[in-house]
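Undergrad: Requesting a structural model of the entry that follows:
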Amino acid sequence: MSHQSLTRDQRGSNFLLHIERTVGGLDVFRPYIKAYIQKFAGNVVTTDEWRAHLYDFFSKAENGEALVKKLDEIKWDEVRALAFGS
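TA: You can find the predicted model right below:
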């Protein structure tokens, strides 16, 4: 199945799964999701706000420097295009 045949929600889910795997799996990513919900629940969040929160959270985590380095290795424009279209 090509990424174009997936719904926007499916592509967004794949995008988050990619980030989850990049930082080391569900056990590492789950605390971030909880922090995200606590901070942004019920609000509209821009991509820049979300990404700043993601980096801030992982920079303070155990092994934060290595996690931020992994986030820096993500080709954000390519992943975003796959997840949300051009």
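Undergrad: and residue 28, what is it in contact with?
TA: 20, 61, 67 (Cβ atoms under 8 Å, 6 or more residues apart in numbering). No exception for glycine: its C-beta is placed from N, CA and C like everyone else's.
Undergrad: Ok, residue 68 next?
TA: 55, 58, 59.
Undergrad: Looking at the first one now. What's its pLDDT?
TA: Reported pLDDT at residue 55 in the predicted model: 92.
Undergrad: From residue 7, how far out is it?
TA: Between residue 55 and residue 7 the distance is 28 Å, computed by Cβ to Cβ, to the nearest Å.
Undergrad: And these two? Which one has more around it.
TA: residue 55 (15 against 8; other Cβ atoms under 10 Å).
Undergrad: Can I get the helix or strand harbouring that one in PDB? Just the C-alpha atoms.
TA: Counting by DSSP states H and E, the element that carries residue 55 is helix 47-60. Extracted in PDB, the C-alpha atoms of helix 47-60 (Å, rounded to 0.1, in the frame of the first residue of the first chain):
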ATOM      1  CA  THR A  47       4.200  22.100  14.300                       C
ATOM      2  CA  ASP A  48       6.900  24.400  15.700                       C
ATOM      3  CA  GLU A  49       5.400  24.300  19.200                       C
ATOM      4  CA  TRP A  50       5.100  20.500  19.100                       C
ATOM      5  CA  ARG A  51       8.600  20.000  17.800                       C
ATOM      6  CA  ALA A  52      10.000  22.400  20.500                       C
ATOM      7  CA  HIS A  53       8.200  20.500  23.200                       C
ATOM      8  CA  LEU A  54       9.400  17.200  21.800                       C
ATOM      9  CA  TYR A  55      13.100  18.400  21.800                       C
ATOM     10  CA  ASP A  56      12.700  20.000  25.200                       C
ATOM     11  CA  PHE A  57      11.200  16.800  26.700                       C
ATOM     12  CA  PHE A  58      13.900  14.500  25.400                       C
ATOM     13  CA  SER A  59      16.800  16.900  26.100                       C
ATOM     14  CA  LYS A  60      15.800  16.500  29.900                       C
END
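Undergrad: Alright, that wraps it up for me.
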